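> One predicted model, sequence on top.
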Amino acid sequence: MVSKHTASSGLFEFLLQMGDNCLVLAHRNSQWCGHGPALEEDIAISNISLDLIGQTQLWLELAGEVEGAGRSADDLAYLRDAFDFRNLLLLERPNEDFGLTLMRQFLFDAWHLPMLKGLTQSSNKRIAEIAEKSVKEVTYHLERSTDLIIRLGDGSAESHRRMQSSLDELWSYTGEMLESDDLDPALISECVVPAGDKVAEAWRQHVTAALKLATLIKPESDFVRRGGKNGIHSEHLGFVLAEMQFLQRAYPGAVW
Amino acid sequence: MNSPSTTGKPSTELVWSWLHDVPDPEIPVISVVDLGIIRQVVWEQDTLVISVTPTYSGCPATAVINADIESKLRKEGIENIRLERQLSPAWTTAWISERGREKLLDYGIAPPVEGTGASVQGCALSGSAISELSGSLGSGLGSGLLGRPSITVCCPRCRSTDTENVSQFGSTPCKAAYRCKACLEPFDYFKCI
């Protein structure tokens, strides 16, 4: 199969995926700041947002350099519309209750860490450096989300019910994360990014083992909701961007 | 090495000693040098180049640290300064100096216990090449997904080792929240990465 993208636009798209995933999830998590169910969780989720914002800056800064059109990380974050975002649909899902927020984090972390570990071996030195930095932070993210999924899944009847219903609700959004897309072939053959099926296999192993310990039942449906990686988003992203981008849109170039 | 220049440029040794006076903005008892984030000090012609590595990628103190370094060097009379961000090798708590660890403890923050960072079993993706990634998958599954070694953290107040982890995420990105079961005080632990 021949990629419809040139090598550099494929790389740009990939970097947007990495950066936009971090940015949108960071924004969603930051909405919990001051509203967490316990002080420790409020602090944890805010810290995770901070890590992801830092990683966003690194990915989008590199994306801007690769694109070569003079756009900074801030330009890419604040001045693109929803159809230019490449994040997974999973990550723009509304927070709703804390169980759903945690399950979203867990399903993403379990993909994010093996993807980053693969990227530490990237033939692109800049990508490998960002991945090396991010792996240390995301290891703590996955440790926490796995721990909580197990404790709440295998917890009270109410916590178990909430975690199971969160899993059922989000399951159809996981397929998009695991399937390769048409920008992959050139990047994989040049060892810029790891093969998607290897990352997917690592995800399946971790998720299967964690769900078992959590006494949660993996949904059987293999229906996949997709679109985010191609800029076809749910209406939720528009609300995220309205909140996140308002200031720069209303007062272009404002700094403080 | 640190070659004193005939043109009157301060030696890099002297620059390092100045940087020892620049405190971390969030933990002011420890200097940026003791924190291990200054990776290189070098003259490139008439420009002093300082390589700084972030502790955490989103640490909000990074911008303040850079401003503090620059302002200190200007105060010492350096005019041409370039600060470079160095990402690799990624910062590790192992780079915190012995003196830094003692100061952290005196300040009430338990210093990191090296070799005890977060770990998650079963999702290892590593190998010499991306094409060989599959070989290392799957080890460790079934023996518990969370590979965190049990660690003994000493209470900075009463020195008891009867302490417990409350959360791996604390008041700043670099710290975890702990509680002492002997004196009942909560405290910060500088977590290992």
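Alright, I've got the coordinates. Just so it is clear, the structure is predicted and the values come from calculations on it, not from any experiment.
> need the helix or strand of the chain with the lowest average pLDDT.
Going with chain A. Of all helical and strand segments in chain A, the minimum by mean pLDDT, DSSP states H and E falls on helix A:184-189, at a mean of 82.
> switch to chain B, that's the one I care about
strand B:163-167 (a mean of 92).
> can that strand be found next to chain A?
Yes - Strand B:163-167 comes into contact with chain A when judged by C-beta under 8 Å from any C-beta of the partner chain, the residues involved being B:Val166, B:Ser167. Where C-beta positions appear, they are placed from N, C-alpha and C, glycine not excepted.
> got any ranges where chain B has weak pLDDT?
By pLDDT under 70, the low-scoring segments of chain B are B:1-7, B:119, B:121-144, B:147-149.
> ok, the residue in chain B positioned nearest to chain A - how many residues close by?
Taking C-beta to the nearest C-beta, chain A has its nearest neighbour within chain B at B:Gly58, 2.7 Å off. Residues near B:Gly58, counting by other C-beta atoms under 10 Å in any protein chain shown, number 23.
> Just the CA atoms of the least confident helix or strand of chain B, as PDB, please.
Extracted in PDB, the C-alpha atoms of strand B:163-167 (Å, rounded to 0.1, in the frame of the first residue of the first chain):
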ATOM      1  CA  THR B 163       5.600   5.600  57.200                       C
ATOM      2  CA  GLU B 164       3.100   5.000  54.400                       C
ATOM      3  CA  ASN B 165       2.500   6.300  50.900                       C
ATOM      4  CA  VAL B 166      -0.700   8.300  50.600                       C
ATOM      5  CA  SER B 167      -0.400   9.200  46.900                       C
END
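> Following the chain onward from the longest helix seen in chain B, which element is next?
The longest helix of chain B (DSSP state H) is helix B:61-75. Per DSSP states H and E, the first helix or strand lying C-terminal to helix B:61-75 is strand B:81-85.
> Is any residue of that next one near chain A?
No - with C-beta under 8 Å from any C-beta as the criterion, chain A is not reached by strand B:81-85; the gap is at least 9.4 Å.
> Return the distance of the helix or strand following that strand from the chain's centre.
Next in sequence after strand B:81-85, counting helices and strands by DSSP H and E, comes helix B:98-107. Counting by C-alpha atoms, centre = their mean, to the nearest Å, helix B:98-107 is centred 13 Å from the centre of its parent chain.
> So what are the sheet partners of the helix or strand following the least confident helix or strand of chain B and their directions?
Downstream of strand B:163-167, the first helix or strand assigned by DSSP H and E is strand B:175-180. Looking at strand B:175-180 with DSSP bridges, its partner strands are strand B:163-167 (antiparallel), strand B:186-190 (antiparallel).
> Would you indicate which residues of strand B:175-180 are buried?
B:Lys175, B:Ala176, B:Ala177, B:Tyr178, B:Cys180 (16 or more other C-beta atoms under 10 Å in any protein chain shown).
> Distance to B:Val32 added to these, as CSV?
Converted to CSV, the buried residues of strand B:175-180 look like this (distance: C-beta to C-beta, whole Å):
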residue, distance to B:Val32
B:Lys175, 17
B:Ala176, 22
B:Ala177, 24
B:Tyr178, 25
B:Cys180, 29
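> ok, those residues vs A:Val138, which is closest?
Among those, B:Ala176 lies closest to A:Val138 (C-beta to C-beta), at 16.2 Å.
> do you know how far A:Ala210 is from chain B?
To chain B, A:Ala210 is 6 Å away according to C-beta to the nearest C-beta, to the nearest Å.
> tell me the mean pLDDT over the one helix or strand that residue maps to?
If you go by DSSP H and E, A:Ala210 is part of helix A:196-213. For helix A:196-213, mean pLDDT is 94.
> In that helix, which of the residues would be classed as buried?
The neighbour-count check on helix A:196-213 (16+ other C-beta under 10 Å) flags A:196, A:198-203, A:205-207, A:209-213 as buried.
> Just the CA atoms of that helix, as PDB, please.
What follows is helix A:196-213, C-alpha atoms only, in PDB (Å, rounded to 0.1, in the frame of the first residue of the first chain):
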ATOM      1  CA  GLY A 196       1.100  -0.400  15.700                       C
ATOM      2  CA  ASP A 197       0.300  -4.100  16.200                       C
ATOM      3  CA  LYS A 198       3.200  -4.400  18.700                       C
ATOM      4  CA  VAL A 199       1.800  -1.600  20.700                       C
ATOM      5  CA  ALA A 200      -1.700  -3.000  20.400                       C
ATOM      6  CA  GLU A 201      -0.400  -6.400  21.700                       C
ATOM      7  CA  ALA A 202       1.200  -4.700  24.700                       C
ATOM      8  CA  TRP A 203      -2.100  -2.900  25.400                       C
ATOM      9  CA  ARG A 204      -4.200  -6.000  25.200                       C
ATOM     10  CA  GLN A 205      -1.900  -7.900  27.500                       C
ATOM     11  CA  HIS A 206      -1.900  -5.200  30.100                       C
ATOM     12  CA  VAL A 207      -5.600  -4.400  29.900                       C
ATOM     13  CA  THR A 208      -6.600  -8.100  30.000                       C
ATOM     14  CA  ALA A 209      -4.500  -8.800  33.100                       C
ATOM     15  CA  ALA A 210      -5.600  -5.600  34.900                       C
ATOM     16  CA  LEU A 211      -9.300  -6.200  34.100                       C
ATOM     17  CA  LYS A 212      -9.100  -9.700  35.400                       C
ATOM     18  CA  LEU A 213      -7.600  -8.500  38.700                       C
END
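> Regarding B:Val49, what is its secondary structure?
When classified by DSSP: H, G, I helix; E, B strand; the rest coil, B:Val49 comes out as strand.
> do the one 5 residues further on as well
Reduced to three states with three-state DSSP, the structure at B:Pro54 is coil.
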